[in-house]
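Visitor: coordinates for the following, if possible.
(one chain, ligands or ions: 1)
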Amino acid sequence: MKGAVGRIYGEASPTEFNFVVFDPKEVRRTDYVKVWNDVDGWVVAQVLDIRATADLSGSDVLQGRNAEKELYVAKATVIGKRDEKGLLRVPKTPFVPGENVFKAEEELVIDVLGLEKEGIYLGLLQDTDIRVNLDINSLVQKHCCILAKTGSGKSYTAGVIIEELLERGVPLFIIDPHGEYATLKEPNRNEEEIQRMEVFGVKPRGYSNVMIYVPPNSPFVDRADGVLKLDGLNLTAEEIVELAGITNSTSQALLYQAIKNLKGSNYTIEDIMSEIESIKHNAKWALLGHLEKIVEAGLFDENPTPVHVLLQKGKAVVLDMRGVPPEHQDLIVSRICHQLFELRKRNEVPAGMIVLEEAHNFIPERGFGRAVSTPVLRTIASEGRKFGLGLMVISQRPARVDKNVISQCNTQIILRVTNPNDINAIKKGVEGLTAEMVDEIKRLPPGTAMVVSPELERPIIVSVRVRKSMHGGAAVNVVTESKKKSEKKSGGIGLFRTGGKKSGDERESKKNKGSLLKKMFGG
Ligand SMILES: Nc1ncnc2c1ncn2[C@@H]1O[C@H](COP(=O)(O)OP(=O)(O)OP(=O)(O)O)[C@@H](O)[C@H]1O
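Guide: Okay, the predicted model is just below:
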C-alpha cells in the first residue's frame with residue numbers, strides 16, 4: 001500500500017506488535033508510526049527496537065556467502081489515540097498481522113503525546129521538526145530537575161529554559177556555584193551554534209535583565225552588579241560548626257551553651273563571642289579564634305542586602321559563587337532561600353523560581369554528606385508550589401541528590417547518564433520509566449534529553465535547541481588557552497571549565513562534620 005513503511009507480522013497484541021520494515025533507511029528506533037485498528041481507527045505507536053536477520057547458517061557465513069536478502073524487524077509499543085473527549089485510549093483489540101504500518105503525521109504525534117502549542121520551547125522532538133514546548137506553570141510551580149553526567153549538556157539545557165523564562169518575565173534567582181550563568185547577558189557568538197539556529201528557529205540575543213550578585217568574599221566583586229551581604233543574625237550552632245569547620249567536641253559544646261544562653265534575643269556573632277568570653281574554660285580561646293575567622297571572612301554586615309532584590313519581576317539574579325569556599329556557599333544558600341521563602345509566603349516578593357546548580361552539594365542524599373541548606377530546600381520542594389516558589393534542581397550526580405526532592409519535581413529532564421548508581425537513582429526517582437527507556441538514557445548523545453512529565457503521555461526524547469545567549473560552562477582546551485596566554489610550554493593536555501568547575505564532590509570531606517553536635521545534644 002502506498003506510503004506504508006512496514007507490515008505487522010507474527011503475534012500482535014493491543015499494546016505491542018512487531019513489523020517487517022520495507023526500507024531500513026525509512027524507519028529508525030524511537031520513530032512514531034501509525035496503524036489502523038478496526039475498532040479504534042488510526043493508533044500511534046513508537047518503535048522501540050529494530051533488528052536485522054538473514055537466512056544464513058553459520059557455515060554459510062564461514063564460507064563467505066552473502067544473504068540474498070536480510071530482513072529488518074521492528075518492535076513497536078502502542079501509545080494510543082485520542083477519543084472525542086481528548087482522552088488517550090489504548091485499543092482493547094489486537095492489531096492484525098498483515099496490517100500496513102505508516103509514518104505518523106506530525107499533527108497526530110503532537111496530539112497523541114500531549115505536546116503544548118505554546119510554552120517553554122526546549123527543542124525539537126528527536127528526528128522531527130516538531131517543537132517541544134513545556135507547560136510553563138507546571139515547570140515553574142511544580143518544580144523541575146535536570147540530571148545528567150558531566151559534559152552532557154545539563155547547564156546548557158538549564159540556560160535554554162532560563163532564556164525562555166526570562167522572555168516571559170518569570171523572576172529567577174540562580175544559585176551558580178561555578179559562575180556559568182553570567183554569560184546570559186551576552187548573545188551567543190559560537191559560530192557552529194549560530195549555524196544551527198535556523199533549524200531551531202532562534203536568533204542570538206543577550207538578556208539585559210540579568211543581574212550578577214556575588215558574596216563579599218568573592219574574588220570577582222569588582223565585576224558584579226551587586227554584593228550580597230548577609231545579616232548574620234541568630235546563627236545556629238550547626239551553621240557555625242559547618243562554617244568554621246569546628247571538629248573539637250568541647251568547642252562545639254561551649255558554642256552550643258553560649259547560643260542557648262542567647263536564645264530569645266536577636267543575637268549577632270559578636271554577641272556569641274562576648275557570651276563565650278564570659279565562660280570559664282580554657283577551650284574558649286580556640287573557639288573564639290574560629291569565630292574571629294568567620295567575622296574576618298566578611299560575609300556578614302550591619303547593613304545587609306535586602307533579600308527582596310533577589311527575586312524581582314522580569315529579572316534574573318545570578319548569585320555567582322565562584323571562588324567562595326563550599327561551606328560559605330552552603331550557609332549563604334540556606335539563609336537566602338529561607339528568607340526568600342518567608343518573603344514569598346507573606347507575598348512580599350513575586351512568585352518565581354530558584355535555580356539550584358550542583359544540587360547534590362546543597363540537598364545531598366542521606367549518607368552522601370550534610371548541608372545546612374538541606375532543610376529549607378526540602379521544605380521549598382514540598383511546600384513551595386503552594387506559595388508559588390518553584391525549584392529547578394540541577395545535578396551531575398543524581399545518586400547523591402535527595403531522592404524525595406527529585407521525585408517532587410513534576411518535570412524531569414534527563415540527559416546522558418551512565419553511572420550505574422545514578423541510573424538506579426533515576427529509576428527510583430522518576431516514575432514510569434521502562435527498561436528500554438533506561439537503556440536509552442545511557443545512549444543519549446550530548447544535547448539530547450529525555451523529558452518526563454505528567455503532562456506528556458510518555459517520556460519523549462528532545463534535541464535541545466541551541467542557546468540564544470552565550471553558554472558559560474563550555475570546556476576550554478588547556479593547551480590552546482595556555483598558548484594564547486604565553487609562549488611557555490604546556491604542562492599537559494586536559495579540559496577545564498570556563499566557570500572554574502571543580503571535579504568530584506567538594507562536600508564529601510565534611511560529610512559527618514557537625515554530626516557529633518547532634519549526637520551530644522540531639523539538636
Ligand atoms: N543543546 C545543545 N546544543 C549545542 N551544544 C550543546 C548542547 N548541549 C550541550 N552542548 C555542548 O556540550 C557542552 C557541555 O555542555 P554543558 O556545559 O551544559 O555540560 P554539563 O552537563 O553542564 O557539564 P558540567 O557538569 O561539567 O557542567 C557545551 O559546552 C556545549 O558545547
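
Visitor: Ala76 and Ala45 touch, don't they?
Guide: Yes: the pair Ala76 / Ala45 is scored as a contact, 4.1 Å apart, by CB atoms under 8 Å. Glycine gets a C-beta too; all of them are placed from N, C-alpha and C.

Visitor: which neighbours do these two share?
Guide: Counting by CB atoms under 8 Å, 6 or more residues apart in numbering, the residues touching both Ala76 and Ala45 are 17, 33.

Visitor: what pLDDT does the closest residue to His360 other than its chain neighbours get?
Guide: In space, and not counting its chain neighbours, His360 is closest to Arg400: 3.9 Å by CB to CB, 6 or more residues apart in numbering. Reading off the confidence values, Arg400 has pLDDT 94.

Visitor: ok, now how distant is Arg400 from Pro326?
Guide: 14 Å (CB to CB, to the nearest Å).

Visitor: repeat for Ala435
Guide: 37 Å.

Visitor: more neighbours, these two?
Guide: Using other CB atoms under 10 Å, the more surrounded residue of Ala435 and Pro326 is Pro326, with 20 against 8.

Visitor: quick check: the more buried one vs the ligand, distance?
Guide: 16 Å (CB to the nearest ligand atom, to the nearest Å).

Visitor: go ahead and confirm that residue touches Phe362.
Guide: No: at 9.9 Å, Pro326 and Phe362 do not qualify as touching, with contact defined as CB under 8 Å.

Visitor: and the protein, what are its domains?
Guide: 4-113, 120-232+302-464 (automatic domain parsing).

Visitor: any idea which of those is most buried?
Guide: domain 120-232+302-464 (a mean of 20; mean count of other CB atoms under 10 Å).

Visitor: now do the contacts for the one residue sitting closest to the centre of the chain.
Guide: By CA atoms, centre = their mean, the chain has its centre lying nearest to Ile146, at 2.1 Å. Residues in contact with Ile146 (CB under 8 Å, 6+ apart) are 154, 157-158, 161, 392-395, 413-415, 449.

Visitor: thinking again about what came up before, select from the domains of the chain the stretch with the lowest mean pLDDT.
Guide: Note on the domains of the chain: lowest mean pLDDT is at domain 4-113, with a mean of 90.

Visitor: rewinding a little: what's the closest of the domains of the chain to Ala286?
Guide: domain 120-232+302-464 (17.9 Å; CB to CB).

Visitor: how far is the closest one from where the chain is centred?
Guide: Relative to the centre of its chain, domain 120-232+302-464 is centred 5 Å away, using CA atoms, centre = their mean, to the nearest Å.

Visitor: contact residues of the stretch 301-450 of the chain facing the ligand?
Guide: Taking CB under 6 Å from any ligand atom as the test, the list of the stretch 301-450 of the chain residues beside the ligand reads 396, 446-447.

Visitor: do you know how far the residue lying closest to Glu16 once chain neighbours are set aside is from Ile276?
Guide: Spatial nearest neighbour of Glu16, chain neighbours left out: Thr77 (5.7 Å); criterion: CB to CB, 6+ apart. Thr77 sits at a distance of 66 Å from Ile276 (criterion: CB to CB).

Visitor: check Trp285 too.
Guide: From Trp285 to Ile276 the distance is 9 Å (CB to CB).

Visitor: more neighbours, the two?
Guide: Ile276 (23 against 11).

Visitor: correct me, but that one touches Ala283?
Guide: No: contact status for Ile276 versus Ala283: not in contact, 9.6 Å apart, counting by CB under 8 Å.

Visitor: so what sits against both of those two?
Guide: Shared contacts of Ile276 and Ala283, counting by CB under 8 Å, 6+ apart, come down to Leu254.

Visitor: closest one of the contacts of Ile146 to the ligand?
Guide: Nearest to the ligand out of the contacts of Ile146 is Lys154 (CB to the nearest ligand atom; 3.4 Å).
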